[in-house]
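J.: Got a sequence here, can you model it:
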Amino acid sequence: MAALGAAALGLSALDTAIGKSNHQATMEVRLVDEKVQQLKAISNLSALIGGFAMVSIVELNIGPDHPQWLMFAFGTMAATVIALMMFSMVLCSLIMVYILNYRTVHLKPFDQIAWNSRCEADWRRAFSAFKSGVPCFLLNLALLAWVQFQDYVAAAAAITAIALAAVFVWLWYVKQKWAEAR
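T.: As a prediction, this is how the structure comes out:
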């Protein structure tokens with residue numbers, strides 16, 4: 001039926017093939033745009049969360065009466081958040097560079113085969129680091145509450161309860177929605 005329609009319009013088989021080829025090229029361009037936008041989003045969010053964790057360390061006023069174990073836990077968790085988010089951000093940025101330079105280097109459009117062979121594993125690592133970093137950030141918030149509001153137990157407990165609830169919601173949501181993107 002499609003051949004009959006093409007013949008009725010005076011299109012040759014070559015014109016039909018070129019049309020399909022252009023459609024495929026358009027789809028590949030859309031693939032590139034979609035992947036780049038996903039990578040930008042994760043990279044930007046990772047930078048933002050990592051920056052917040054860094055600021056929590058730098059701006060914190062710590063007195064000599066804070067328990068060592070609490071300071072150790074807070075510092076370790078903050079460093080974990082920063083490391084996970086920086087790993088995610090840098091990996092996403094490197095993948096974006098690869099995608100955007102692919103056409104120049106290979107003289108052909110970026111395609112799904114290139115994504116699967118060079119980018120998919122790194123994308124999964126970056127997304128996994130991001131998925132792990134968010135609950136760590138929320139746990140860091142809970143620890144920060146105890147460091148900052150050590151003398152105000154009700155405030156520290158309220159912040160901790162909200163942060164822990166957010167961790168459970170995050171873990172449930174990620175498991176429900178993104179379990180296949182490990």
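
J.: any idea how far V58 is from S46?
T.: Relative to S46, V58 is positioned 18 Å away (CB to CB, to the nearest Å). Backbone N, C-alpha and C define where each C-beta goes, glycine included.

J.: ok, now A142?
T.: Using CB to CB, we find A142 at a distance of 20 Å from S46.

J.: What of E59?
T.: Remark: distance between E59 and S46 (CB to CB) = 20 Å.

J.: between these two, who's got more neighbours?
T.: When E59 and S46 are compared for neighbours, S46 comes out ahead with 25 against 7, by other CB atoms under 10 Å.

J.: Now for M71, how many residues are close by?
T.: Applying other CB under 10 Å, we find 14 residues neighbouring M71.

J.: In contact with it: list those residues for me.
T.: Under the criterion of CB atoms under 8 Å, 6 or more residues apart in numbering, the neighbours of M71 are I62, V147.

J.: check which helix or strand covers it.
T.: Applying DSSP states H and E as the criterion places M71 in helix 68-106.

J.: A53 too?
T.: Using DSSP H and E, A53 falls within helix 13-58.

J.: Please give the number of neighbouring residues around the residue nearest to L164 when sequence neighbours are not counted.
T.: In this structure, L164 finds its nearest non-sequential neighbour in A142, 6.3 Å apart by CB to CB, 6 or more residues apart in numbering. Neighbour count of A142, defined by other CB under 10 Å: 21.
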